[in-house]
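build me a model:
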Amino acid sequence: MCVWSGDIGPGKGPWKGSKDDWQYAIANHVDIMLFTGTGQVEHHRERGMKNAAYLQIGYDTDRYFDGVSERSGIVFMGQNYGPQFDGVPGSEAQLRRDVVKALRSIPEFVAYGSGFGAQMPQAKSGDIYRKSLMAVTISLVSNLGRYT
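All right, here's what the predicted structure looks like:
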């Protein structure tokens, strides 16, 4: 049995003091705890989770495939993390807010996601990305190996 997580933050770790003890309790009852970043694995192993391992995140090729030749606009899809995420070690939540704010001055820019703009059903995200000239992404942190 395995547990897989691609998320970080308060209650999710991987840093000591991040209130993620529940993951360590589960780890004692499963064969493997999988994470989408090698940095997460390193932190969890350093904290005693011996069965932490890396599994690269994938994507749905039926949803995400090459787009049309005529493209326009700049798009950002992501959550405006609350202030509790500012305390995550290496947090770039404020950078994300600042970049979205700056990009709003470009008429062709559209932001989707909680706290930034209209909610976008995940099934439609591929269509939005395909039609855009550029997609902007900013992870919550950039100091974890292979985490994005």
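
quick one: buried residues of the worst-scoring helix or strand of the chain on mean pLDDT?
Scoring the helices and strands of the chain by mean pLDDT, DSSP states H and E places helix 122-131 at the bottom, with a mean of 88. Buried residues in helix 122-131, counted by 16 or more other C-beta atoms under 10 Å: S125, G126, I128, Y129. No exception for glycine: its C-beta is placed from N, CA and C like everyone else's.

W22: which of the residues you listed is nearest?
Closest approach to W22 among these (C-beta to C-beta): S125, at 29.2 Å.

is it true that the closest one touches D60?
No. Using C-beta atoms under 8 Å, S125 is not in contact with D60; the gap is 10.0 Å.

just to revisit the earlier point, and the least confident helix or strand of the chain, how far out from the chain middle?
Counting by C-alpha atoms, centre = their mean, to the nearest Å, helix 122-131 is centred 17 Å from the centre of its parent chain.
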